[in-house]
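Peer 1: Any chance you can model this:
(chains A and B)
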Amino acid sequence: MTYFPEEVVEHIFSFLPAQRDRNTVSLVCKVWYEIERLSRRSVFVGNCYAVRAERVALRFPNVRALTVKGKPHFADFNLVPPDWGGYAGPWIEAAARGCVGLEELRMKRMVVSDESLELLSRSFPRFRALVLISCEGFSTDGLAAIASHCKLLSELDLQENEVEDRGPRWLSCFPDSCTSLVSLNFACIKGEVNAGSLERLVSRSPNLRSLRLNRSVSVDTLAKILMRTPNLEDLGTGNLTDDFQTESYFRLTSALEKCKMLRSLSGFWDASPVCLSFIYPLCAQLTGLNLSYAPTLDASDLTKMISRCVKLQRLWVLDCISDKGLQVVASSCKDLQELRVFPSDFYVAGYSAVTEEGLVAISLGCPKLNSLLYFCHQMTNAALITVAKNCPNFTRFRLCILEPGKPDVMTNQPLDEGFGAIVRECKGLRRLSISGLLTDKVFMYIGKYAKQLEMLSIAFAGDSDKGMMHVMNGCKNLRKLEIRDSPFGDAALLGNVAKYETMRSLWMSSCNVTLKGCQVLASKMPMLNIEVINEWDGSNEMEENHGELPKVEKLYVYRTTAGARDDAPNFVKIL
Amino acid sequence: MEAATDVENLKATELRLGLPGTEEGPQKAAVPTPPSTPRAGSKRALAGGEEAKKPAAAAAPPAAKAQVVGWPPVRSYRKSCFQASSKSKAAAPAAPQKEETAAAAGGLFVKVSMDGAPYLRKIDLKMYKGYRELREALEAMFLCFSGGAADGAAAVNPSDFAVTYEDKDGDLMLVGDVPFEMFISTCKRLRIMKGSEARGLGGATRE
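Peer 2: Numbers count the residues shown, from 1 in each chain, chains lettered A, B, ... in the order given. Predicted structure coming up:
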């Protein structure tokens, strides 16, 4: 291969877009390493602290698309204290210095400042796409900078970010010359936007395919916009709770009827049932539907709509849908692949209209189901075993029984057998979240059968260190392990230290790990960062176990080539 | 600052077979033996709990039912969206579990009785924007009972009836005095009273 000119080798590499393959070829020899790194177009950094930003920029100067992820997943549930880290600044600065050809930036769970967004908007002349998911630290002023200076912007996708609202000006910052928008999602922006600016922006964006509005956009504006976007494929509605004015809604329906390409709907903030009927004509062509922000819709409203959505592949709903409603889904949506049922009541001892019966019904009616997130108040082993048999194609299975440690509601047994069936039958399972009363046995099953498992989330489960050991020893492809409130201690932490080099990260909070155990791990594995996070300095006086070793409140372990990070706050100790 | 919360929540963190939120039922008999190491979770989980995102419905319950930090695993974004929108969640009255759970499920259902009617009805107060809509709905619902022995002739005169409600304190109140939002948050059940009895309530002219 070394006899070929570089261009040829590079051309061959262009058939290997997957990062893993590119990493592999770069290890073959120095020549290949060089060719590969200079021709790499897309880089994915799963943990922003696993590698220095400068090093990435130096190695891949011609990168076009960069993805960086920051905080660990449990940050979504407020388990990671604010100011922990995950700053986007160093990445944007490094890229601005070394990778001026950057076109796309995707960030998840990172802290992004307005200054960084300003720098981003001015540093990359070909910049096209910005995707921020679950990020924070910026305001609409930062968005104004992006809108103003990124002349080729085609994608601005803001998903579930915490954005400080500094007024509607930002949307008006898109210059008249900006006609390249393909995807615009500002659903998470809390404030008003100028309806006129929005309409004009949409009018001059003939390539717009995805548009997700925020709550402030009225039905009237929505109807006007939709008249301009007949090629829209994905729509997030604005406000559908207007005082019922028939005219606006009729305009909406006729506008929607023109959108023959529309496949996916979301938004529906507090939508009232009456508004739904205006959407009915669209249902037969939908493949994706997110009604999970509409707590005002009851089971019959939901089923009236969903029963018309015969092509549905992806459905997100609230548990108001009830078991009966899920039966309707099961009989109407034969192509369903992904289902998420969210709780409408976050109160642990509250009420939910979905039970194990709804899940079983879905599994019977929708054999193509491969991705599930299901919140409920009760489950049985029998139901899980049935689900496993009916749907062997699960790649993602997340079950959250709201009451921690709740047993099988019929037999009062742990749910070990149920989850055991899931991992045994679903050979392609890559992601699993377990809940309910669980002993070490479930982990034995997971270690034995879940060979493709990459991510496992554990809460209030297990009896002893053996549980975690089963997982660490058995799950060959494990990349992310996150555990809370489970009785795993130092023996489990230290039982298979080499494993951590093959994983992205381990999170343990409210377990039985001690500082001593962490120190031992740190001394054995210098290529890991062991972050001991203790928010409440000195609050350990409250611990009952005086004289015993202090337990570590929160532990975050990850492999890294960057050494200890220098931006850690004082409550994080890196061993 | 957080220490104070710790002390309050100590009761909730005391070690027991059941976990937070499990008051109902003595059927813990079959639960397997507790783990040899204390469940670190039930103690630490409540330490210095973040109050910020607790749903408003937690107003009434005793400490033992207090929320666990970061549980259920729902993104704060979603939780904050719900808090922004749920007026009736905040309005769920402290009293009977049933009403509270019904409200929490996304509807504010209250019983409606009418003097002389053989059975009661239930309506969802959240479905109505104001008193006029509510009254129209009630009239439509109970029209069939108003005739009684009548031969299906004229519909009964609505002013023969008064719509009253029982509030949080158990008092019988006339519907219409307070702003609708406030009414929804305090109304426990509705009662449609016959004119003769109703007139004893409001006193003077009821036009």
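
Peer 1: Tell me, how many residues neighbour A:N23?
Peer 2: Neighbour count for A:N23, taken as other CB atoms under 10 Å in any protein chain shown: 12. Glycine gets a C-beta too; all of them are placed from N, C-alpha and C.

Peer 1: Does A:A96 touch A:F127 like I think?
Peer 2: No. Under the criterion of CB atoms under 8 Å, A:A96 is not in contact with A:F127, lying 10.7 Å apart.

Peer 1: Which residues are in contact with each of these two?
Peer 2: A:L120 (CB atoms under 8 Å, 6 or more residues apart in numbering or on different chains).

Peer 1: Neighbour count for those two, which is higher?
Peer 2: Neighbours per residue (other CB under 10 Å) separate A:A96 from A:F127, with A:F127 holding more: 24 against 17.

Peer 1: can you give me phi and psi for the closest residue to chain B within chain A?
Peer 2: Closest contact between chain A and chain B, by CB to the nearest CB, is at A:D485 (2.6 Å). Main-chain torsions, A:D485, degrees, to the nearest 10: phi 50, psi 50.

Peer 1: And for A:T140?
Peer 2: Phi and psi for A:T140, reported as degrees, to the nearest 10, are phi -70, psi -20.

Peer 1: and if you look at B:K129?
Peer 2: phi -90, psi -20.

Peer 1: Point out where the chain drops to low pLDDT.
Peer 2: The chain I'm using is chain A. Under the criterion pLDDT under 70, the flagged ranges of chain A are A:1-2, A:242-245, A:348-350, A:535-548.

Peer 1: that's the wrong chain, I wanted chain B
Peer 2: B:1-67, B:83-107, B:145-159, B:195-196, B:198-207.

Peer 1: Which neighbouring elements make contact with the longest helix seen in it?
Peer 2: Determined from DSSP state H, the single longest helix within chain B is helix B:131-146. Helices and strands touching helix B:131-146, by 3 or more CB pairs under 8 Å, 6 or more residues apart in numbering or on different chains; DSSP states H and E, are strand B:109-114, strand B:121-124, strand B:161-166, strand B:189-194.

Peer 1: could you redo the last one with a cut-off of 7 Å?
Peer 2: strand B:109-114 (3 or more CB pairs under 7 Å, 6 or more residues apart in numbering or on different chains; DSSP states H and E).

Peer 1: Which other helices and strands does the strand it packs on contact?
Peer 2: Partner elements for strand B:109-114 (3+ CB pairs under 7 Å, 6+ apart): strand B:121-124, helix B:131-146, strand B:189-194.

Peer 1: and if we set it to 8 Å?
Peer 2: helix B:97-104, strand B:121-124, helix B:131-146, strand B:189-194.

Peer 1: want to try JSON lines for these, with mean neighbour count as columns?
Peer 2: Converted to JSON lines, the helices and strands packed on strand B:109-114 look like this (neighbours: other CB atoms under 10 Å in any protein chain shown):
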{"stretch": "helix B:97-104", "mean neighbour count": "19"}
{"stretch": "strand B:121-124", "mean neighbour count": "16"}
{"stretch": "helix B:131-146", "mean neighbour count": "15"}
{"stretch": "strand B:189-194", "mean neighbour count": "19"}
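
Peer 1: Please tabulate those in a markdown table, including the columns distance to A:T67.
Peer 2: Shown next, in a markdown table, are the helices and strands packed on strand B:109-114 (distance: least, CB to CB, whole Å):
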| stretch | distance to A:T67 |
| --- | --- |
| helix B:97-104 | 39 |
| strand B:121-124 | 45 |
| helix B:131-146 | 50 |
| strand B:189-194 | 55 |
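
Peer 1: what about stretch A:437-449 and chain B, any contact?
Peer 2: Yes. Applying CB under 8 Å from any CB of the partner chain, one finds stretch A:437-449 in contact with chain B at A:437, A:439.

Peer 1: buried residues in that stretch?
Peer 2: A:437-447, A:449 (16 or more other CB atoms under 10 Å in any protein chain shown).

Peer 1: who touches it?
Peer 2: Contacts for stretch A:437-449 (CB under 8 Å, 6+ apart): A:405-408, A:413-416, A:419-420, A:423-424, A:432, A:434, A:453, A:456, A:461-464, A:466-475, B:31-32.

Peer 1: again, but for stretch A:488-499
Peer 2: Stretch A:488-499 is contacted from outside by A:462, A:464-469, A:472-473, A:478, A:508, A:511-514, A:516-518, A:520-521, A:524-525, A:555, B:37, using CB under 8 Å, 6+ apart.

Peer 1: What of stretch A:214-227?
Peer 2: Contacts of stretch A:214-227 (CB under 8 Å, 6+ apart): A:186-193, A:195, A:198-199, A:202, A:211, A:213, A:232, A:235, A:237-240, A:242, A:245, A:248-249, A:251-252, A:255-256, A:258-259, A:269, A:275.

Peer 1: So A:L265 belongs to a strand, correct?
Peer 2: Yes. Under DSSP: H, G, I helix; E, B strand; the rest coil, A:L265 falls within a strand.

Peer 1: wouldn't it be in contact with A:G288 here?
Peer 2: Yes. Shown here, A:L265 and A:G288 form a contact pair, counting by CB under 8 Å, at 7.0 Å.

Peer 1: Which one's more surrounded, the two?
Peer 2: A:L265 (23 against 18).

Peer 1: partners of the more buried one in the sheet?
Peer 2: A:L235, A:L289 (DSSP bridges).

Peer 1: just to revisit the earlier point, anything in contact with each of A:L265 and A:G288?
Peer 2: With CB under 8 Å, 6+ apart, A:L265 and A:G288 have common neighbours A:D234.

Peer 1: ok, A:D176 touching A:L201?
Peer 2: No. Applying CB under 8 Å, one finds A:D176 not in contact with A:L201, separated by 9.5 Å.

Peer 1: higher neighbour count, those two?
Peer 2: Taking neighbours as other CB under 10 Å, A:D176 and A:L201 compare with A:L201 leading, 24 against 8.

Peer 1: list the helices and strands the strand or helix carrying the more buried one packs on?
Peer 2: Using DSSP states H and E, A:L201 maps to helix A:195-203. Contacts defined by 3+ CB pairs under 8 Å, 6+ apart place helix A:195-203 against helix A:219-228.

Peer 1: tell me the angle of the helix it packs on relative to helix A:195-203?
Peer 2: Counting by axes from the mean of the first three to the mean of the last three CA atoms, to 10 degrees, helix A:219-228 lies at 20 degrees to helix A:195-203.

Peer 1: Just the C-alphas of helix A:219-228, formatted as CSV.
Peer 2: What follows is helix A:219-228, C-alpha atoms only, in CSV (Å, rounded to 0.1, in the frame of the first residue of the first chain):
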residue,chain,number,x,y,z
VAL,A,219,-51.6,29.6,15.8
ASP,A,220,-52.0,32.4,13.3
THR,A,221,-48.2,32.7,12.8
LEU,A,222,-47.9,29.0,12.5
ALA,A,223,-50.6,28.9,9.8
LYS,A,224,-48.9,31.7,7.9
ILE,A,225,-45.5,29.9,8.1
LEU,A,226,-46.9,26.6,7.0
MET,A,227,-48.3,28.2,3.9
ARG,A,228,-44.7,29.0,2.9
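
Peer 1: List the residues that contact A:V193.
Peer 2: By CB under 8 Å, 6+ apart, the neighbours of A:V193 are A:168, A:171, A:186, A:214, A:216-217.
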